[in-house]
Each structure stands twice: as structure tokens, then as C-alpha cells.
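> Following is a predicted model, sequence given first.
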Amino acid sequence: MIELNAVTKQYGSFTAVDNISFSVQTGEYFALLGPNGAGKTTIVKMLLDFTQPTSGSLSINSVPSTQAASRTAIGYLAENHHIPPHLSGWQYLQRCAELLNINRSDATDQCRRIVKQIGIEGRENTKTNTYSKGMIQRLGMGAALLGNPKLLLLDEPTAGLDPIGIIEIRQLLESLKNQGMTIFLNSHLLSEVEKICDNAAIIHQGRLLVKDNIAALIKNGDTLEDVFVRLVKG
Amino acid sequence: MPKARSSIITIAKYTLMDQVRQKSFIIMFVMCALFLLLVRNCSQGGFMVNGQTLDNEAVVRVVLKAVFHINAAGTMFLAALFSMRVFKRDRDEGMQSCILSKPITRWQYVAGKILGLWVLSVAFMFILHSIVFIMVSVNLKVVMPEYLIASLLCSFNLLFVVVAVLLFSLLMPDIIAFLCVTGIGIVSFVADGIAAVSRSPMGQAMMQQSDSTSDLSLWKVIYYLWPKLSGIQQAASSMFSREGFQGFLSIYPFINILIYSLILGALLFWRFRHEDII
């Protein structure tokens, strides 16, 4: 589903991503792990064509990420998701549905289902500037689920959330697991990743350190955190 | 292609809605409408000088022309204000990444923004000109549809302003982008004023006395190549005033602004293509 081929991204003399190659299969719950500034968000941005790689290529469903068609059936949740404060949750979802060219009746049905799924029922018609951070993230997640995407790109979906908010997002992700969706999750909350994902890659200073099945990574009674610290600290 | 068109229209619609809901937009619109209502007495006729009645229609045409130019120039100023923070607001409120994470290309996004802002500015100006048109029609019982056509012709200027401000706002701080385009407009009006004076008998006499022909030819080139924002307004207003059509001189400002809009538009699309989305 996702292919990265020798991808490098440089900002001036700083190398944010250094010759990374890996792939993510359809239906996989994949986590990209790394400390702050490791290059995780840059990889997601290159997948969405928000920034171009200095060299190498990326593709989604065999379509180069530079083409808009590669973003068909993709849901994206940004780190610290923002929503225009003057919109209500419902208006935001409707707006996102219209941008996806979903017809009006389908959009209403999907928005109703998503409002229930993300647990903002009863608050969907109030302005989003009255929402908590957790609600904003869940609404962002809801918007990413519009149009029944095949792939979810989630960039630190639990960043800045309290433990309850983190559990809510985790439960939402677990509930999607049975729907055959592929999930690409950027995170440094290792305990959450361990609970949700099947495979993980660890990157540090733009370089890929390891990519494997999580069960294989945490053999010998280690936690993912132990493995992560050992690899990152060298 | 229909999908691309529908994405552009959707983005344009939301751009327009987001602008209209802002308090500053509503306040500016109400202030402009009030200004027009304040000058409504000028269109009632019955002008007398030294006990002699003046030709109502001639006086009203002069007043109409002045109001037309103030409206058109004022809307250009407001269009620059509307446009200067559009990209920044979309970025800050997460709409830019929301839109571009969908199968929507960057050119569709930019085209939607241009279309939304242009339609909004044209509608703003057209409504204000329509208020004047209605006042004159009711008070003087003179219907001048060419006044409204002239208003639509000024939409070329608004396209230029919107495209220029959007491009400049990608290259420099928003307020500087706004000031640059306002500066281009002011220079255009001042240059046309100087050109009008130089064509007057007094101006001609002054030019004959000086020997700076070569310097003047350079200024003439700059004058003709400069965005003819004022020229479009003059050409448009000649439709309802008694100046009449002046052949190529009337058409040239439209060609000039259209070419500028196309060049700046192409630069805007190219620049935004290489912009990192935050």
C-alpha cells in the first residue's frame, strides 16, 4: 500500500530524512516510531505531497505521491489538529465531506454515523472553539474517516491528550481494526503503539534503525520502550 | 474535469462564506452603503447657480462618475484587504492541510481561492454600484444600464488585485503584500493624473519648453507598461459619461491588466506548487 524508495529530505544542510526505504502492506497497522525531530512528520508530509523529497520516491497504492490521485481513499489526522473555530463539529464534517465530493444524502448519513462513533453526540452543533483538545482530535479523526478511506495517516493522534483522551483514541483505532483498514501511525507513545499496532519501524536522526513485527521486536521479555531506548541511544 | 471543477467551486464557496461571516467585512460593507446613502441628495437634481437652473443630467453624470471611481477604487482596496490573510488563515485554522490531504491538486486549491475572492469583490462592488444606479433611476427617472456594465468591467482590476496580493503574500509578510499592491494602484492613478495634465494645453506648453525628450520617452514606456488600474476605471466610466469610446486607448488597459493577471496567476500557481504545507 505504501512504498518509500531511498527517500531523502534535506532542509539546507540539515538532513531530516536520510535514504529511507520501507513498505507497508494493505491491512497492516504500522507504527513509525522515533524521538522528536527524528523525521516522522516529514515522512507523512512527503506521503501527502505537502513537501517534496530531495531524492527518492514515495507511492501510495502504486501511485506516486506527487499525484493527487494517490490521496484517493486516504484519511489524515495532523499532529495538533486545527479546526476553524467558527464552525460547529457538524459543519466541519459536512465541509470535509463536500471536499471529498460525497453526495449530500451520503454525507449526512456518514456524518451522523461518525458523530456517534467519535462520541460527540449532542455537541455536534456547538462551535468547535468550545471543544476540549480531546474532542478536537476525535473530530479530526472523524473527518479522516469520511469517505470510508482504505488508509489512515495519523501523525501523533494522541499528542497533548490526557490519559482519558488517549484511551478514547486507542479504542477508536481498535474498533477500526476489523474493517480491513491500513493504518500508518506516527507516535512516540510506545505503550499505545504496543497495544494497537502489528508492525513498527524506528527511525532516529532521519535514519531507519529497524523495521519489524512488534512481537519480534519485544522478545526476551523486553517492552517496546526498552527496545526503543536501546536502539536510539545506540 | 467535472470533478476538478466541482472541487474549485466548493473551495471558492467556502472562501466566500468565510469572508462574509467576518465582522470586519460586514462593517466595511455597511459603511460603504451608508456613504452612498449620504450622497443620495446629489442625484435628486434641481441644481441652481446664480439663479440659473443647471442641466440636471450633466451634473448628475459628473457626480455619478466621481462616485463610480470612489466605489471602484475603494473596492480594490478592500479586495486587497480580503486577500492578504487568506492563505495564512487557512494554514492557521488547518483548512489548507485538510483540503490538500484530499485528492485535490494545489492548482485547484489556488484557483478556488482566486475565484472565491474575485466573486466576493465583484459582488461587493456591483451591489454598491447598484445602490447608486437605483437611487439615480428613482430620483431622476433616468435608467443607465451602462453604469452597471461599467461596474462589471472594473472586475478586471479586482482580479489583478486578488491574484497580486495572493502571490505577494507567499513571498513577503501579509501587510507588506497589501501595501505593495496598494502602492501599485496609487502609482497607476497618480501617473494617469500626470498624463492627463501633460495632455492639457498648459502641460503641452511646459513640455515644449523643456528639452528632456529622451527622459520622457523612458517614462512613457514605464507609464504604458505599468498596470493600468486607473485606465480600466477611466475606460469603464466612459461608457456612461460623455467621453465616448477612444479606440485602442480604451481597450489597452484591459489587455494590460489581463496580461498582468495571467503572468501573476502563473507565478502564483508555480510558487504555491513549491510551498511546504504546514
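Looks like it came in fine.

> so who does the residue in chain B that chain A sits nearest to touch?
When Cβ to the nearest Cβ is the measure, chain B has its nearest residue to chain A at B:G94, with 3.1 Å between them. Heads up, the C-betas are built off the backbone N, CA and C, glycines and all. Counting by Cβ atoms under 8 Å, 6 or more residues apart in numbering or on different chains, B:G94 touches A:A78, A:H81, A:H82, A:I83, A:P84.

> what residues are up against the nearest residue to the fourth one once chain neighbours are set aside?
It stands for A:I83. With sequence-adjacent residues excluded and distances taken as Cβ to Cβ, 6 or more residues apart in numbering or on different chains, A:I83 is closest to A:T128, at 4.6 Å. For A:T128, the contacting residues are A:I83, A:P84, A:P85, A:L87, A:S88, A:G89, A:Y92, A:M135, A:I136, A:L139, taking Cβ under 8 Å, 6+ apart as the criterion.

> Going by residue numbers, what spans are helices in the stretch 1-150 of chain B?
Remark: helices assigned in the stretch 1-150 of chain B by DSSP state H, counting those that start in this stretch are B:2-20, B:23-38, B:56-84, B:86-92, B:95-100, B:106-140, B:145-153.

> coming back round to it: looking at the contacts of A:T128, which two lie furthest apart in space?
Considering Cβ to Cβ, no two members of these lie farther apart than A:P84 and A:M135, which are separated by 14.9 Å.

> so who does residue 195 touch?
Using chain A here. Applying Cβ under 8 Å, 6+ apart, we find A:K195 in contact with A:R170.

> oops, chain B please
With contacts defined as Cβ under 8 Å, 6+ apart, the neighbours of B:A195 are B:Y223.

> What are the buried residues along the helix or strand harbouring it?
With the criterion set as DSSP states H and E, the secondary-structure element containing B:A195 is helix B:174-199. Of the residues in helix B:174-199, B:174, B:177-178, B:180-182, B:184-185, B:187-189, B:191-192, B:195, B:198 count as buried by neighbour count, 16 or more other Cβ atoms under 10 Å in any protein chain shown.

> Next, the angle helix B:56-84 makes with that helix.
If you take axes from the mean of the first three to the mean of the last three Cα atoms, to 10 degrees, helix B:174-199 sits at 150 degrees to helix B:56-84.

> mind listing what B:E146 touches?
By Cβ under 8 Å, 6+ apart, the residues touching B:E146 are B:M239, B:F240.

> Which part of chain A gets nearest to chain B, residue-wise?
A:H82 (3.1 Å).

> which residues does that residue contact?
Contacts for A:H82 were tallied using Cβ under 8 Å, 6+ apart; they are A:I136, B:D92, B:E93, B:G94.

> Just the buried ones from the contacts of A:T128, in ChimeraX syntax?
Taking 16+ other Cβ under 10 Å as the burial criterion, the selection of buried members of the contacts of A:T128 in ChimeraX is written as:
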select /A:83,84,87,88,89,92,135,136,139
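
> I'd like the contacts of A:T128 written out as JSON lines, with pLDDT added.
Supplementary listing: those in JSON lines, determined by pLDDT from 0 to 100:
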{"residue": "A:I83", "pLDDT": "94"}
{"residue": "A:P84", "pLDDT": "93"}
{"residue": "A:P85", "pLDDT": "93"}
{"residue": "A:L87", "pLDDT": "94"}
{"residue": "A:S88", "pLDDT": "95"}
{"residue": "A:G89", "pLDDT": "95"}
{"residue": "A:Y92", "pLDDT": "96"}
{"residue": "A:M135", "pLDDT": "89"}
{"residue": "A:I136", "pLDDT": "91"}
{"residue": "A:L139", "pLDDT": "93"}
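
> Which ones among the contacts of A:T128 map onto helices?
Secondary structure assignment (DSSP state H) places A:G89, A:Y92, A:M135, A:I136, A:L139 from the contacts of A:T128 within helices.

> ok, now which ones touch the nearest residue to B:R273 once chain neighbours are set aside?
Nearest non-adjacent residue to B:R273, counting by Cβ to Cβ, 6+ apart: B:R106, 5.5 Å away. Applying Cβ under 8 Å, 6+ apart, we find B:R106 in contact with B:L100, B:F269, B:F272, B:R273, B:E275.

> what bridges to the residue nearest to the spatial centre of chain A?
By Cα atoms, centre = their mean, the mean C-alpha position of chain A lies nearest to A:L154, the distance being 1.0 Å. Here A:L154 sits in beta bridges with A:L77, A:L185, going by DSSP bridges.

> I'd say it and A:L189 touch.
No - counting by Cβ atoms under 8 Å, A:L154 sits too far from A:L189 to count as a contact (11.6 Å).

> about what we covered before: out of the contacts of B:R106, which one sits closest to B:F29?
The shortest separation between B:F29 and any of those is 28.9 Å, and it belongs to B:F272 (by Cβ to Cβ).

> give me the number of residues near the closest one?
Neighbouring residues of B:F272 were enumerated by other Cβ atoms under 10 Å in any protein chain shown; the total is 18.

> Go through the host helix or strand of it and flag the buried ones.
Taking DSSP H and E as the criterion, the element that holds B:F272 is helix B:248-273. Within helix B:248-273, the residues that qualify as buried are B:250, B:252-254, B:256-257, B:260-261, B:264-265, B:268-269, B:272, counting by 16+ other Cβ under 10 Å.

> residues from the stretch 151-278 of chain B in reach of chain A?
Residues of the stretch 151-278 of chain B lying near chain A by Cβ under 8 Å from any Cβ of the partner chain: B:H274, B:D276, B:I277, B:I278.

> Give the phi and psi angles for the second one, as a check.
Listed backbone geometry of B:D276 is phi -80, psi 130, with angles given as degrees, to the nearest 10.

> As a quick check, tell me the outermost residue of chain B.
Ranking residues of chain B by C-alpha distance from their mean position (Cα atoms, centre = their mean) puts B:G51 at the top, at 40.1 Å.

> Contact partners for the closest residue to A:V232 other than its chain neighbours?
Counting by Cβ to Cβ, 6+ apart, the nearest residue to A:V232 once its immediate chain neighbours are dropped is A:H204, at 4.9 Å. For A:H204, the contact set (Cβ under 8 Å, 6+ apart) comprises A:G34, A:P35, A:A38, A:L231, A:V232.

> how about 7 Å then?
With contacts defined as Cβ atoms under 7 Å, 6 or more residues apart in numbering or on different chains, A:H204 is in contact with A:G34, A:P35, A:A38, A:V232.

> what's the answer for A:E168, then?
Under the criterion of Cβ under 7 Å, 6+ apart, the contact partners of A:E168 comprise A:G119, A:G134, A:R138.

> tally of neighbours for the residue nearest to the second one when sequence neighbours are not counted?
By that I understand A:G134. Taking Cβ to Cβ, 6+ apart as the measure, A:G134 lies nearest to A:G165, with 3.3 Å between them; neighbours along the chain are not counted. If you count neighbours by other Cβ under 10 Å, A:G165 ends up with 19.

> any idea how far the residue farthest from the centre of chain B is from B:C180?
The spacing between B:G51 and B:C180, counted by Cβ to Cβ, to the nearest Å, is 52 Å.

> Repeat that for A:I2.
Counting by Cβ to Cβ, the gap between A:I2 and B:C180 amounts to 43 Å.
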